[in-house]
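After the sequence you'll find the predicted model.
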Amino acid sequence: MSSVAARSLLQASRPTVLRTAGRQIRLSSTASKTLSLKERLAELIPKEIENVKATRAAHGKKSFGPVVVDQLYGGMRGLPALIWDGSVLDADEGIRFRGKTIPECQELLPKAPGGSEPLPEGLFWLLVTGEIPTQAQVDALSKEWAARAALPEFVEEILDRCPPTLHPMSQFSLAVTALNHNSAFAKAYQDGIPKKDYWGPTFEDSMDLIAKLPNIAGRIYRNVFGTGKLPAIDATKDYSYNLATLLGFGENPAFVELMRLYITIHSDHEGGNVSAHTGKLVGSALSDPFLAYSAALNGLAGPLHGLANQEVLLWLKKMQSKIGEEPTDQEVKDYIWATLKGGQVVPGYGHAVLRKTDPRYTAQREFALKHLPEDKMFKLVGQIYNLVPDILLEAGKAKNPWPNVDAHSGVLLTHYGMDQMQFYTVLFGVSRAFGVAAQLIWDRALGAPLERPKSYSTAAIQKIFENKQ
């Protein structure tokens, strides 16, 4: 068969076109089975550059909505100001990864042998390309990350010398920053790489970053909580299995499945949250992915961002200590009202954007119904789910009275024996690297500029509106 005929046959075998973010993206097919992620990305970049040019030509001068002064004082809440291709959060529908809902990702993304949850490798492929990968492509990505997983000895020494009293997130940020020592992008930039080629070393750094996170997380966990010597990465296993094993839970298939689900649903959540925006902002200065993501981790460590699930768990445990492990609905109602009347919020409920139950909460609830239906704290979470929304609406305390992702994740981790709550944000950090890294790659591929929004003083605002109605 001639090469022309072969290409025609492959084109004819390609499946239906998926429309994502206003453009057509072809799903993976037999034509791309042999391509690595980097090779497929190299094919997509020129097309996306033209797509961005066309979008700006057609819509670049159009208004994208008014800005009111309250948005400046209110932390830019809801202000449209960023391009983020990996995911979009709809107030009523929830998160979509490249146009796909969480249930769709659970159905379509490749699984591990015998597993039912999506492999995060497939989710990363989707975030980068907009395509559903084949099982072979995902398996190859698992092997590549395993091959890149080793830490430099000096990074291991940094972590081993950290006192166990140093917060796990501080140690995490330290280690990721230190990986900058071997940054492919930093070296290429110093050597004068053309701007159009920035994406290549950014891709290499991003792959190294994601690949090394399980070893970093596992080393921190074992050093801080004294759980023994760190095992080796198994090159024949997937990313989540290796992470679970490094943490000491790899022999529990359900925990491994939980890690696959956890990483997938926490991987990305638009670009406006603190960690994602910080990674994009620092990356816009052409800081390499290690420096950009270490900055993102410092934002994630804040109590208003990554610590919410442990606040939920603390509240649940306090409730159990007050009213017992199997309380009546009335006892739970009374405790919730006491929380609100004490000037506190019900942790895990409400969201800055969502106006419905977080699909990530639903995914975790379905996991729990399958794997731990009799767990007492899970039952309490379900009981609260049936009671809190009506109470919050009656109290007028929330525009969105429904649970978010943090209302559930800590309960699942605790069930399997990971009850060290100060470590939970490290797992969040491993997950969120997928979305931040995917966007950094595309920012460099598309030549995204240095971020530099305009700021105003209070006096300047007053002057602008002086003598105006």
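Done, it's in.

okay, the residue nearest the centre of the chain: pLDDT?
With distances taken as C-alpha atoms, centre = their mean, residue 267 lies nearest the centre of the chain, 2.2 Å away. We have a pLDDT of 97 for residue 267.

Remind me which helix or strand the closest residue to it other than its chain neighbours belongs to.
Distances taken as C-beta to C-beta, 6 or more residues apart in numbering place residue 434 nearest to residue 267, at 3.9 Å, with adjacent residues excluded. Every residue, glycine included, has its C-beta placed from N, CA and C. Counting by DSSP states H and E, the element that carries residue 434 is helix 424-445.

and that helix, what's its mean pLDDT?
Mean predicted confidence for helix 424-445 is 97.

following that helix, which helix or strand comes up?
By DSSP H and E, the next helix or strand past helix 424-445 is helix 458-464.

Report the contact partners of the residue nearest to the centre of the chain.
97, 120, 123, 124, 127, 431, 432, 434, 435 (C-beta atoms under 8 Å, 6 or more residues apart in numbering).

buried ones in the helix holding residue 434?
For helix 424-445, the neighbour count (16 or more other C-beta atoms under 10 Å) marks 424-445 as buried.

ok now it, how far from the chain's centre?
6 Å (C-alpha atoms, centre = their mean, to the nearest Å).

Which helix or strand lies directly C-terminal to the host helix or strand of residue 203?
Counting by DSSP H and E, the element that carries residue 203 is helix 199-225. Downstream of helix 199-225, the next assigned helix or strand under DSSP H and E is helix 239-247.

That following helix - what's its average pLDDT?
Mean predicted confidence for helix 239-247 is 98.

who does it touch, helix- and strand-wise?
Applying 3 or more C-beta pairs under 8 Å, 6 or more residues apart in numbering; DSSP states H and E, we find helix 239-247 packed against helix 120-129, helix 135-147, helix 199-225, helix 253-266.

Looking at these, which one is packed in the most?
Most buried of those, by mean neighbour count (mean count of other C-beta atoms under 10 Å): helix 120-129, with a mean of 27.

May I have it as PDB, with CA atoms only?
The C-alpha atoms that make up helix 120-129 are tabulated as PDB, following Å, rounded to 0.1, in the frame of the first residue of the first chain:
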ATOM      1  CA  PRO A 120      -5.100  10.300  35.700                       C
ATOM      2  CA  GLU A 121      -2.600   9.800  32.800                       C
ATOM      3  CA  GLY A 122      -5.600   9.800  30.500                       C
ATOM      4  CA  LEU A 123      -7.000  13.000  32.100                       C
ATOM      5  CA  PHE A 124      -3.600  14.700  31.600                       C
ATOM      6  CA  TRP A 125      -3.700  13.600  27.900                       C
ATOM      7  CA  LEU A 126      -7.200  15.100  27.600                       C
ATOM      8  CA  LEU A 127      -6.100  18.400  29.300                       C
ATOM      9  CA  VAL A 128      -3.200  18.800  27.000                       C
ATOM     10  CA  THR A 129      -4.700  17.700  23.700                       C
END
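
quick one: low-confidence ranges for the stretch 101-250 of the chain?
The model of the stretch 101-250 of the chain has no residue with pLDDT under 70.

tilt between the helix holding residue 434 and helix 120-129?
Interaxial angle, helix 424-445 versus helix 120-129 (axes from the mean of the first three to the mean of the last three C-alpha atoms, to 10 degrees): 30 degrees.

quick one on the thing from earlier: out of the contacts of residue 267, who's nearest residue 80?
Closest approach to residue 80 among the contacts of residue 267 (C-beta to C-beta): residue 435, at 18.7 Å.

what about the stretch 351-469 of the chain, any weak spots by pLDDT?
Looking at the stretch 351-469 of the chain by pLDDT under 70, you get 352, 397-398, 469.

didn't residue 320 look like it was pressed against residue 379?
No - with contact defined as C-beta atoms under 8 Å, residue 320 does not count as touching residue 379 (11.0 Å).

Distance of the residue lying closest to residue 226 once chain neighbours are set aside relative to residue 179?
In this structure, residue 226 finds its nearest non-sequential neighbour in residue 164, 7.9 Å apart by C-beta to C-beta, 6+ apart. Separation of residue 164 from residue 179 (C-beta to C-beta, to the nearest Å): 22 Å.

if you count what's nearby, which of those two comes out ahead?
residue 179 (23 against 11; other C-beta atoms under 10 Å).

how much space between the more buried one and residue 220?
Counting by C-beta to C-beta, the gap from residue 179 to residue 220 is 14 Å.
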